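Engineer: Got a predicted structure here, sequence first:
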Amino acid sequence: MPVLSVIVPFYNVEKYIGPCLDSIAAQTLDDLEVICVDDGSADGGSAVVESRQADDRRISLIRQDNQGVGRARNVGVRRATGRYLAFVDGDDTVPRDAFKRLVSSLESTGSDLACGNVMRLYRNLLIPSWAHREAFARPVKGTHITRHPLLIRDRMLWNKVYRRSFWDRLGLSFPERMYEDQPVAMAAHVGAGSVDVLAAIVYHWRQRDEPGSSITQRSLEPGNLRDRLLSVLETAAVLSRGAPGLKTDFDRDTLDIDMSVAVEAMAAMGAAADPALVDLVVRYLDGVSREAWQSIPYALRLQVHLLHQRRLAELAYVFAQDRCGQLQPRVGSAGLLRKRWYGRHPSMPEQLSEVSGELGAVARLMSLDWRDGVLHGVGRVGLGRFDVGELRRMRVQVRLEERRTGESVLLCDEESVPTWESVEQEDGGALPEHAFPFRFAFHPAALTAAQLARHGRWDLCVRLRGHGLRLDGRVAGPRWLPPLIPAPRRREGVWLVPVRSPRGAWGMRLRTAEAVIGECRMDGGDLVFSGELSDLGDGEPVVRLQRRSDGEEMYFPVTLAGQDFHARVPLADIDESVGHESWWEVVIDQGKPIRPLVQTRERPVATVADRRFLIDRGEDGCLLLAER
């Protein structure tokens, strides 16, 4: 009898099943059996398994007609003979020590189930899984989901090892449909006597990029949605029976994630939606507490409410408004001693309208430039996608605030009246926005000698106050839209560098510079830049591009003429973007990294071989290359 049985269902994953099995075969826990269940694949996946089987007797293969992953897992469990059970999807991989860590934990504690942290695998890039990050931040042995409620998000099957006797005692089996893992994973968490939580990474969950390649990528299909809703209802029932104190936490996530999918699908179907599908949604929402309803943003809350009321034509209209940014309910207050704030929409009942905890100052710069040595800015601040007409007049304060010390420099403090303005969007269109305009001016002389000497980071902050509100925020905006980042200025030997974070937040960086880029332009498909080094050093310099997300590096030559340098980077040679965006920091490496200050104002946008690049300035004024 092996220690561990690993069940691997697979369907049309010829491209991935080999690396999956290789990762299992390489486990430091070698006393295991690997039961592969081919769920009627139409590709060469079975042949890949057979080739691995010839070299590893621990691997077995079962074939069945396409009946779904739930049936495939049940078939694998019936065949399994190990003291412990684990599940791996055929397109994922497992870190080398994962199973040894999980089994060893169960052996030492006697718990029924051990689970661990997860990374998303996109091509060859590993990214922390948001669903697991908090729950697995630290190890906890012998706990339970009722004592460690963050495990409510741990609804996947495969980052776990289960004691087989526990599995059989609970009578666990998989529904034979999609989204079959969530109710089983939750039933295991609720039914366990104790659970071991490992902070170590035990699973690499692949994000596939082929169109329509996974269940989640087909989430709007009626059959997919039906199975998803059945899974939600079954999981809700498990929690209501076994851990009712966690039902509200579950509902918060479900409203935000699953009901967002249901809203989009039903809005697209409109009057043609299957009434049985709507019935499933209504059955679930009938059991959701007001506290959970209030946890989701107003716009989504309104749309889920319309779905709950079966008002599908109105839902389709409101969904379209929201998608194009035209859903802008008016915000107003009620109460004297304890003022509360509400979003006004004719279709939203009063008991679901409160937005007191949702309001925040959302500020954006429309222009920023130096004039006669003074940095002038023009911007707008509002409450996001709310009409602020009832507020009439508010006070706007803009300041620079040093991160480390909290010291601030006031740039403006003035009354403002809201105006409508058409504001450019990242998709090239424009939307009407109701917000409070402001202007400010920053003179470098406002900084003291001590502040200059600290070479600190200063954030551009905004405060909106009046009518009992005091809201603070960062001045930000879409990174790929104007205004351009102004060139740096020098004061008393220190560079004052206007900067913008990857998320678009504005600020000021104070620094010295060992290298300055004085020219940066596009030449055909090449990025060309040149400047001056303050110290030639001993080594031969090269340009090093380092990707922020994973540390991947690329190198390009530098030409020197005295202290002047010149570099050329063919953009077509840059590794392709991983995910929605890739950010590359450009460093001159001369035995030590030198982060060159970009002194130019230009911010070229280039399209090379159907790839779109932005040449920009990073948070310390260095050269930044972005692709999206």
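Structural biologist: Yes, it's here.
Engineer: I'd assumed residue 297 was in contact with residue 327.
Structural biologist: No. The pair residue 327 and residue 297 does not pass the contact test of CB atoms under 8 Å, sitting 11.0 Å apart. All C-beta atoms are positioned from the backbone trio N, CA, C, and that covers glycine.
Engineer: Looking only at neighbour counts, state which of the two leads.
Structural biologist: residue 327 (19 against 13; other CB atoms under 10 Å).
Engineer: Could you find the closest non-adjacent residue to that one?
Structural biologist: Of all residues not flanking residue 327 in the chain, residue 321 sits nearest, at 4.0 Å (CB to CB, 6 or more residues apart in numbering).
Engineer: my guess is that neighbour contacts residue 329, does it?
Structural biologist: No. The pair residue 321 and residue 329 does not pass the contact test of CB under 8 Å, sitting 10.1 Å apart.
Engineer: Am I right that residue 531 sits in a strand?
Structural biologist: Yes. Counting by DSSP: H, G, I helix; E, B strand; the rest coil, residue 531 is part of a strand.
Engineer: what about it, distance to residue 206?
Structural biologist: 42 Å (CB to CB, to the nearest Å).
Engineer: Now do the buried residues in stretch 302-316.
Structural biologist: By neighbour count on 16 or more other CB atoms under 10 Å, the buried set for stretch 302-316 is 302, 303, 304, 305, 306, 307, 308, 312, 314, 315, 316.
Engineer: Ok, stretch 414-423 next?
Structural biologist: Counting neighbours by 16+ other CB under 10 Å, one finds that the buried residues in stretch 414-423 are 416, 418, 423.
Engineer: which of the residues you listed has the weakest pLDDT?
Structural biologist: Going through the buried residues of stretch 414-423 one by one, the lowest pLDDT turns up at residue 423, 84.
Engineer: Distance of residue 616 relative to residue 540?
Structural biologist: 27 Å.
Engineer: quick one: which of those two has more around it?
Structural biologist: The neighbour comparison of residue 616 against residue 540 (other CB under 10 Å) goes to residue 616, with 23 against 11.
Engineer: Just name the closest of the buried residues of stretch 302-316 to residue 99, please.
Structural biologist: Lowest distance from residue 99 to the buried residues of stretch 302-316 (CB to CB) belongs to residue 304, with 40.3 Å.
Engineer: Can you name the residues in contact with the helix or strand that closest one falls within?
Structural biologist: Of the helices and strands defined by DSSP states H and E, residue 304 is found in helix 298-308. Under the contact criterion CB atoms under 8 Å, 6 or more residues apart in numbering, helix 298-308 has outside partners 255-256, 259-260, 262-263, 266-267, 278, 281-282, 285-286, 293-294, 296, 312, 314-315, 318-319, 322, 327, 329, 343, 345, 347-349, 352-353, 355, 358, 385.
Engineer: quick one: which of those residues sit in strands?
Structural biologist: residue 343 (DSSP state E).
Engineer: Just to be sure, which of the contacts of helix 298-308 are found in helices?
Structural biologist: With helices taken from DSSP state H, the overlap with the contacts of helix 298-308 comprises 255-256, 259-260, 262-263, 266-267, 278, 281-282, 285, 293, 312, 314-315, 318-319, 322.
Engineer: Now that we have the residues you listed, which of them are buried?
Structural biologist: With neighbours counted using 16+ other CB under 10 Å, the ones in helices among the contacts of helix 298-308 contain these buried positions: 255, 259-260, 262-263, 266-267, 278, 281, 285, 293, 312, 314-315, 318-319, 322.
Engineer: residues touching residue 342, list them.
Structural biologist: Applying CB under 8 Å, 6+ apart, one finds that residue 342 lies in contact with 331, 332, 333, 334, 350, 353, 354, 355.
Engineer: Redo those as JSON lines? Include distance to residue 44, pLDDT and neighbour count.
Structural biologist: As requested, the contacts of residue 342 are exported to JSON lines (distance: CB to CB, whole Å; pLDDT from 0 to 100; neighbours: other CB atoms under 10 Å):
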{"residue": "331", "distance to residue 44": "58", "pLDDT": "91", "neighbour count": "25"}
{"residue": "332", "distance to residue 44": "63", "pLDDT": "89", "neighbour count": "18"}
{"residue": "333", "distance to residue 44": "64", "pLDDT": "88", "neighbour count": "15"}
{"residue": "334", "distance to residue 44": "65", "pLDDT": "84", "neighbour count": "12"}
{"residue": "350", "distance to residue 44": "60", "pLDDT": "92", "neighbour count": "9"}
{"residue": "353", "distance to residue 44": "56", "pLDDT": "94", "neighbour count": "22"}
{"residue": "354", "distance to residue 44": "56", "pLDDT": "94", "neighbour count": "17"}
{"residue": "355", "distance to residue 44": "54", "pLDDT": "94", "neighbour count": "21"}
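Engineer: Output the contacting helices and strands for the lengthiest helix in the chain.
Structural biologist: Among the segments of the chain that qualify as a helix by DSSP H, the longest is helix 222-242. Judged by 3 or more CB pairs under 8 Å, 6 or more residues apart in numbering; DSSP states H and E, the packing partners of helix 222-242 are helix 181-191, helix 247-256, helix 258-269, helix 275-285.
Engineer: which one of the ones you listed has the most crowded surroundings?
Structural biologist: When you average the neighbours per residue for each of those (mean count of other CB atoms under 10 Å), helix 181-191 leads with a mean of 22.
Engineer: and that one, how far from the chain's centre?
Structural biologist: Using CA atoms, centre = their mean, to the nearest Å, we find the averaged C-alpha position of helix 181-191 to lie 25 Å away from the chain's own average C-alpha position.
Engineer: got it, and stretch 599-612?
Structural biologist: Distance, stretch centre to chain centre, for stretch 599-612: 26 Å (CA atoms, centre = their mean).
Engineer: and residue 183, what is it in contact with?
Structural biologist: By CB under 8 Å, 6+ apart, the contact list for residue 183 reads 175, 231, 234, 235, 238.
Engineer: so which of those is the most crowded?
Structural biologist: Of all these, residue 235 has the most neighbours under the rule other CB under 10 Å, reaching 25 neighbours.
Engineer: from what I can see it touches residue 152, true?
Structural biologist: No. Under the criterion of CB under 8 Å, residue 235 is not in contact with residue 152, lying 9.9 Å apart.
Engineer: which residues are common contacts for those two?
Structural biologist: Taking CB under 8 Å, 6+ apart as the contact rule, residue 235 and residue 152 both touch residue 250.
Engineer: Now the residue nearest to the spatial centre of the chain: phi and psi?
Structural biologist: Nearest to the geometric centre of the chain sits residue 130, at 6.9 Å (CA atoms, centre = their mean). Main-chain dihedrals, residue 130, degrees, to the nearest 10: phi -60, psi -30.
Engineer: before we move on, the earlier item: which member of the buried residues of stretch 414-423 is positioned nearest residue 611?
Structural biologist: Comparing the buried residues of stretch 414-423 against residue 611 with CB to CB places residue 423 closest, at 27.7 Å.
Engineer: part of a helix, is the closest one?
Structural biologist: No. Looking at residue 423 with three-state DSSP, it is strand, so not inside a helix.
Engineer: Name all residues that make contact with it.
Structural biologist: Under the criterion of CB under 8 Å, 6+ apart, the contact list for residue 423 reads 364, 380, 430, 431, 432, 433.
Engineer: Having no further points to raise, I will conclude here.
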